[in-house]
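Novice: Sequence and predicted structure below; questions after.
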Amino acid sequence: MTDRELLEDAAKAAGVALEWNDSPGYYSDWRGLPQWNHWNPLLDDGDAFRLAVKLKLTLDIGDDASEAVSPIHWHAEQHKGDPLAATRRAIVRAAAAMGGAE
């Protein structure tokens, strides 16, 4: 599954309206503002945190891996030198599973 597909399914789970733009990333009305805003929880800690809270995910950050858990989905990502990126990806993968992926 591509990052774009992951983000699209995660957005579906969170009720975020996405639209592709020529610039990198996604745009949505995530914050309820009239203009489009950049939204990419794979790259943005704040977007990932808001996604985890909205979907009531439980996070478990260990020494080597991060896990994101919903009542019916569990995803873990190895840190591989970047625990923040691994945690963001675990959140997005769990959200994507809730939105119909995997």
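Specialist: Right, received. Where do you want to start?

Novice: Could you list the low-pLDDT ranges of the protein?
Specialist: Counting by pLDDT under 70, the ranges of the chain that qualify are 20-37, 101-102.

Novice: hey, where'd the helices end up in it?
Specialist: Read by DSSP state H, the chain holds these helices, from start to end of the chain: 3-14, 45-54, 83-98.

Novice: Most tightly packed of those helices?
Specialist: For those, average neighbour numbers computed from mean count of other Cβ atoms under 10 Å are highest in helix 83-98, which has a mean of 23. Any C-beta I mention is one placed from the backbone N, CA and C, and that applies to glycine too.

Novice: So what touches that one?
Specialist: Where contact means Cβ atoms under 8 Å, 6 or more residues apart in numbering, the residues beyond helix 83-98 that reach it are 1, 5-7, 9-10, 13-14, 41-45, 48, 51-52, 55, 57, 59, 61, 65-70, 72-80, 102.

Novice: distance between it and the chain's centre?
Specialist: 5 Å (Cα atoms, centre = their mean, to the nearest Å).

Novice: What is the neighbour count of residue 17?
Specialist: Other residues lying near residue 17 total 13 when counted by other Cβ atoms under 10 Å.

Novice: Could you number the chain from 14 rather than 1 from now on?
Specialist: Okay, residue one is now 14; in that scheme the one you just asked about reads as residue 30.

Novice: give me phi/psi at it?
Specialist: The main-chain torsion angles of residue 30 are listed as degrees, to the nearest 10 and equal phi -80, psi 120.

Novice: Could you tell me how far residue 26 is located from residue 91?
Specialist: As judged by Cβ to Cβ, to the nearest Å, residue 26 and residue 91 stand 23 Å apart.

Novice: Ok, residue 52 next?
Specialist: Per Cβ to Cβ, residue 52 is found 25 Å from residue 91.

Novice: Tell me which of those two has more neighbours.
Specialist: For residue 52 and residue 91, the more surrounded residue by other Cβ under 10 Å is residue 52, and the numbers stand at 25 against 14.

Novice: Do I have it right that the more buried one meets residue 60?
Specialist: Yes - because the distance of 5.6 Å satisfies Cβ atoms under 8 Å, residue 52 is recorded as touching residue 60.
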